[in-house]
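Q: I need the structure of the sequence given here:
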Amino acid sequence: MPSKKGKLSDDDRLLQRTGRDVSTTAAALFYGHAIIVSALPLWLCWRVYMLNMMTFSLLFLSLTILTTWLLFQSYKRVMFSLKHKIAQRRQNAVSKEIIKQLGDTTEGKKMSKNDKDQRVEWKVNEVADSEATTYAIFYNNALFLFLYLLLAYLGRGFHPAAYPTTCYDNMFVECVMSVLLW
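A: Numbering: from 1, shown residues only. From the prediction side, this is the model:
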């Protein structure tokens, strides 16, 4: 809890660094990528299957919004699960780099051991956050698109001449993939 002076206690700072909340930058990246990836089935039906999008526009719009939200949630889950593992792996390298940087300056020589440790912890958290964000986006996008294309191809094989059925297959595959990733 914040103290009466408005500063955060050590416990609150630790919770902020290791909590499940994502930063504003990561949230923007997640939503941007999720919108692009969840809109790819629209392009597939429009350009490849040459369907009239106005016929299915309401259904596609609602499924795209749902898929975007589910992808965002799966990005957050993967990021949270990887962040601690990455921080443990990067701890030694980052601490050596920070200690080396601080040892070369007069400011670093005047700092206490606790201040140096806090700076190392902050940098490790920053590195782990950026790496976990990047990996979460890559992993979820690759898995979603691979499985989507595989299931869409299999669904197309069952109904080669029925375009509306293919469109429903695509929408079904998009929903199933979103739920599986979540």
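Q: to which secondary structure element is I86 assigned?
A: Per DSSP states H and E, I86 falls inside helix 57-103.
Q: quick one: distance of that helix to the chain centre.
A: 5 Å (CA atoms, centre = their mean, to the nearest Å).
Q: which strands and helices lie in contact with it?
A: Judged by 3 or more CB pairs under 8 Å, 6 or more residues apart in numbering; DSSP states H and E, helix 57-103 is in contact with helix 24-43, helix 106-110, helix 113-158, helix 163-181. Every C-beta, even on glycine, is put in place using the N, C-alpha and C of the backbone.
Q: which stretches of the protein aren't confidently modelled?
A: In the predicted model, the chain carries pLDDT under 70 at residues 1-20, 49, 105-109, 152, 155-175, 177-182.
Q: how about the residue most central in space within the chain: what's its closest non-neighbour residue?
A: With distances taken as CA atoms, centre = their mean, the residue of the chain nearest its centroid is Y75 (3.0 Å). What sits nearest to Y75 in space, not counting adjacent residues and going by CB to CB, 6 or more residues apart in numbering, is F30, at 4.4 Å.
Q: do you know how far the one you found is from S38?
A: 12 Å (CB to CB, to the nearest Å).
Q: buried residues, stretch 37-51. List them.
A: The neighbour-count check on stretch 37-51 (16 or more other CB atoms under 10 Å) flags V37, S38, L40, P41, L42, L44, C45, L51 as buried.
Q: of the residues you listed, just say which sits nearest to F144.
A: V37 (5.9 Å; CB to CB).
Q: grab the nearest non-local neighbour of that closest one.
A: Per CB to CB, 6+ apart, closest to V37 is N141, 5.3 Å.
Q: so what touches stretch 76-84?
A: Under the criterion CB atoms under 8 Å, 6 or more residues apart in numbering, residues 18, 20, 22, 26, 30, 128-129, 131-133, 135-136, 139-140, 182 lie in contact with stretch 76-84.
Q: go with 7 Å
A: With contact meaning CB atoms under 7 Å, 6 or more residues apart in numbering, stretch 76-84 is reached by R20, V22, A128, D129, A132, T133, Y135, A136, Y139, N140.
Q: sounds good, over and out.
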